[in-house]
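# what's the 3D shape of this:
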Amino acid sequence: MLKNIQEWVLLLVIFGAVSVLGNWIGYDIVAIEAIPGMLILLGICLVGLILGEIIPGSIPSIAYVALVGVLVSMPWMPGSQVIVSATNEVDLLALTTPILAYAGIAIGRSWTDFVKLGWKSIVVAVFVMLGTFLGSALIAEAILRFQGII
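Down below sits the predicted model:
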């Protein structure tokens with residue numbers, strides 16, 4: 001388990017550094033202001049990953065990460081105001097960039113496994129992505145028209 005924790009810490013540090021950099025470049029939030037919030041978010045992730053490893057059962061680690069994040073940010077929790085104000089300095093979209101990049105790399109490494117599924121899987125994937133895009137565009141169009149923005 002110690003080896004897993006070391007790997008998680010390394011990945012989280014890389015993820016955090018890229019996120020802080022994206023936060024600074026994309027959203028003009030100075031890195032020094034975002035680092036405390038990023039360290040809190042990375043700590044929450046690490047605790048959730050460790051809980052997912054030590055608690056028996058088949059609950060994914062992301063559930064524990066979300067649970068820990070919700071618990072430490074509850075108003076009745078000591079220090080929650082500090083946690084919430086520090087993490088507000090980290091923009092959500094700055095976090096998604098490294099996550100999506102990592103997902104792309106992970107898919108790229110298992111591309112041969114994906115190809116083994118056959119051409120039907122590729123057709124289904126294309127239609128799913130197209131449907132998601134068109135559905136999102138239609139919802140956005142309807143909401144923007146309803147609000148009178150367009």
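# now stretch 16-29, how far from the chain's geometric center?
Counting by C-alpha atoms, centre = their mean, to the nearest Å, stretch 16-29 is centred 14 Å from the centre of its parent chain.
# quick one: buried residues of that stretch?
Of all the residues in stretch 16-29, those buried under the rule 16 or more other C-beta atoms under 10 Å are 16, 18-20, 22-24, 29. Glycine gets a C-beta too; all of them are placed from N, C-alpha and C.
# redo those residues as TSV? Include pLDDT, distance to Met74 and secondary structure.
Formatted as TSV, those follow (pLDDT from 0 to 100; distance: C-beta to C-beta, whole Å; DSSP: H, G, I helix; E, B strand; the rest coil):
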residue	pLDDT	distance to Met74	secondary structure
Gly16	89	24	helix
Val18	87	29	helix
Ser19	88	24	helix
Val20	89	26	helix
Gly22	86	28	helix
Asn23	86	25	helix
Trp24	89	29	helix
Ile29	85	25	coil
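# and Ile40, how far from Gly69?
9 Å (C-beta to C-beta, to the nearest Å).
# per-residue confidence for Asp113?
We have a pLDDT of 67 for Asp113.
# tell me the domain boundaries of the chain?
2-109, 111-150 (automatic domain parsing).
# of Ile40 and Gly69, which one has the most company?
Taking other C-beta atoms under 10 Å, Ile40 and Gly69 do not tie; Ile40 has more neighbours (20 against 17).
# specify the local secondary structure of the more buried one.
helix (DSSP: H, G, I helix; E, B strand; the rest coil).
# ok, now which ones touch it?
Going by C-beta atoms under 8 Å, 6 or more residues apart in numbering, Ile40 touches 83, 86-87.
# let me have those residues in a markdown table, extended by distance to Pro98, pLDDT and secondary structure.
Formatted as a markdown table, the contacts of Ile40 follow (distance: C-beta to C-beta, whole Å; pLDDT from 0 to 100; DSSP: H, G, I helix; E, B strand; the rest coil):
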| residue | distance to Pro98 | pLDDT | secondary structure |
| --- | --- | --- | --- |
| Ile83 | 21 | 92 | helix |
| Ala86 | 19 | 91 | helix |
| Thr87 | 16 | 90 | helix |
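# so for the longest helix seen in the chain, what's the average pLDDT?
Longest helix of the chain, by residue count under DSSP state H: helix 119-147. Here helix 119-147 scores 84 as its mean pLDDT.
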